[in-house]
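Participant: Turn this into a model:
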Amino acid sequence: MNDGATHFERPCLGLDVHKGTTTATYLEAGGRTMKKWIFPTTRPHLLDLAKQMGISVPIVLEASTAGKAVATTLKEVGSELHMAAPNKIALIAKAPVKTDDRDSATLAHLYQVGFFPDCYVPPPEIGRQRTLVRARQDLGFKATLVKNQVHALVTRNLLDSEMKGISDWFGVGGIRKLTRLPIPAGERTHPARSLEQLQLLAEHEESLQAELAKAATESPDVQLLMTIPGVDYYTAVAIVAEIGDIRRFANKKQVCSHAGVVPRADNSGEKVSSHRSVKMGDMVLKRFLCIAVQGMLRANRGTSINRFYEKKAKSIGSAKAQVAAARKLACAIWWMLTHGEPFRDEDEDLMARKTRRMEARSQEAMGEMTESELDRIGQKLEAKASLLERLAREAGNAG
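Facilitator: So this is what the prediction gives:
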């Protein structure tokens, strides 16, 4: 929490942000409400607000999609920003009467009395990295959905036995087999559409990989994590993006706690938890730490983490050993980023090969899209606008 006595002596601005409008409450030093107003949530209005407030007035708001965009815009021009996760503000979540006026005032008062639960506001470059990583993950979810539809189609036509022995239906051999299945003529358009969708997703993935590689070449922290055998630029970008500024973690235990790779503690009085479960944390970071461990095992470079995993797997099983190894890796990453040192068991030849691949891939990244190029894409879609509206309406009715 904050130093309430100090904050109470400063003016403060609370914002309740929505997509269309933002409600602002300005408190003078001491907590008296001086002004309330509403303005459109647009960049010009936010820049005007920042100019009015200057850099000496703290601005507080809740985290949301629109709230994060507002915070990024104001932070770019030097405003002092404080953001809180909605689930951390009980006075707003449990309030019997909720209005935008009340919410903006509550945020400002919480800050002034020192009970505002600050959360991390990433700088623009970290925000861009997170956007790329989430876009890449989204492609994976979409591809999985399409693949499941193909599996269902094969089962619906009782053709699973034809795919027996094919471990990857969407590898080279699997695709050849799929396209030669005796699917009834009236059903063939369905797998055709699915394969076309996968082709489009694959093209988008290639484009995103190039952008991720370019982001990696611009980040010393990412290149530092790539010295870990089995960790490529995509995984490194994801880990760096989720951690953000390593200085916000005072020690390695805090990074492990943030990632949710430590046992949950639930002790009260004489009751002591058995530590059978793992605490909740940043699930994206935890996932990529586990992916990094899997990559290290495949690289098979005999690192200390590989040896740790193999020892643990014998006593607690592979799944728990993977999380335990992820915790050990998180500790190593904290040390690397804090002290600017490469991984202790770095394989320099492997790192050189990864760097060459990264740099070659980054050259494939497209330049910034121009307004005319985006407008051209929009014009192509205009003819399908009514169709998209109908699909959205039908999906809403189905829900």
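Participant: following the one helix or strand R176 maps to, which helix or strand comes up?
Facilitator: Per DSSP states H and E, R176 falls inside helix 172-178. Remark: after helix 172-178, the chain's next helix or strand is helix 189-217, criterion DSSP H and E.
Participant: Please spell out which residues along the very next helix or strand once past that following helix are buried.
Facilitator: Under the assignment DSSP H and E, the closest C-terminal helix or strand after helix 189-217 is helix 220-225. By 16 or more other C-beta atoms under 10 Å, the buried positions in helix 220-225 come out as D221, V222, Q223, L224, L225. To be clear about C-beta, it is placed using only N, CA and C from the backbone, and glycine gets the same treatment.
Participant: out of these, who's nearest G165?
Facilitator: Proximity of those to G165 (C-beta to C-beta) peaks at L225, which lies at 38.8 Å.
Participant: How about the contacts made by that closest one?
Facilitator: V231, T235, A236, I239, V240, I333, M336, L337, F343 (C-beta atoms under 8 Å, 6 or more residues apart in numbering).
Participant: Same list as before, these that is, but in a markdown table and with pLDDT included.
Facilitator: Formatted as a markdown table, the contacts of L225 follow (pLDDT from 0 to 100):
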| residue | pLDDT |
| --- | --- |
| V231 | 96 |
| T235 | 97 |
| A236 | 97 |
| I239 | 98 |
| V240 | 97 |
| I333 | 97 |
| M336 | 97 |
| L337 | 97 |
| F343 | 96 |
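Participant: out of the residues you listed, who's nearest N300?
Facilitator: Distances from N300 to these, taken by C-beta to C-beta, are shortest for V231, at 13.9 Å.
Participant: The contacts of L225 in strands, which ones?
Facilitator: Residues of these located in strands (DSSP state E): none.
Participant: Among the residues you listed, name the ones in helices.
Facilitator: Among the contacts of L225, DSSP state H puts T235, A236, I239, V240, I333, M336, L337 in helices.
Participant: these two touch, right, the third one and L285?
Facilitator: Just to be clear, that refers to I239. Yes - using C-beta atoms under 8 Å, I239 is in contact with L285, at 6.6 Å.
Participant: Name the residue in the two with the higher neighbour count.
Facilitator: I239 (26 against 22; other C-beta atoms under 10 Å).
Participant: which one of the contacts of L225 is nearest Q137?
Facilitator: Nearest member of the contacts of L225 to Q137, counting by C-beta to C-beta, is T235, at 12.0 Å.
Participant: what's the angle between the longest helix along the chain and helix 189-217?
Facilitator: Counting residues, the longest helix in the chain under DSSP H turns out to be helix 124-156. Helix 124-156 and helix 189-217 meet at an angle of 160 degrees, taking axes from the mean of the first three to the mean of the last three C-alpha atoms, to 10 degrees as the criterion.
Participant: Which positions in helix 124-156 come out as buried?
Facilitator: 126-130, 132-133, 136, 139, 143, 146, 150, 153-154.
Participant: What is it packed up against?
Facilitator: Counting contacts by 3 or more C-beta pairs under 8 Å, 6 or more residues apart in numbering; DSSP states H and E, helix 124-156 is packed against helix 65-76, helix 189-217, helix 233-243.
Participant: next one: that helix to chain centre, how far?
Facilitator: In terms of C-alpha atoms, centre = their mean, to the nearest Å, the centre of helix 124-156 is set 13 Å apart from its chain centre.
Participant: same question, stretch 208-221
Facilitator: Remark: stretch 208-221 is offset 16 Å from the chain centroid, using C-alpha atoms, centre = their mean.
Participant: now stretch 307-322
Facilitator: 28 Å.
Participant: SS state for E364?
Facilitator: coil (DSSP: H, G, I helix; E, B strand; the rest coil).
Participant: I'd say it and A210 touch.
Facilitator: Yes - with contact defined as C-beta under 8 Å, E364 reaches A210; the gap is 4.1 Å.
Participant: who has more neighbours, those two?
Facilitator: Neighbours were counted for E364 and for A210 using other C-beta under 10 Å; A210 has more, 17 against 13.
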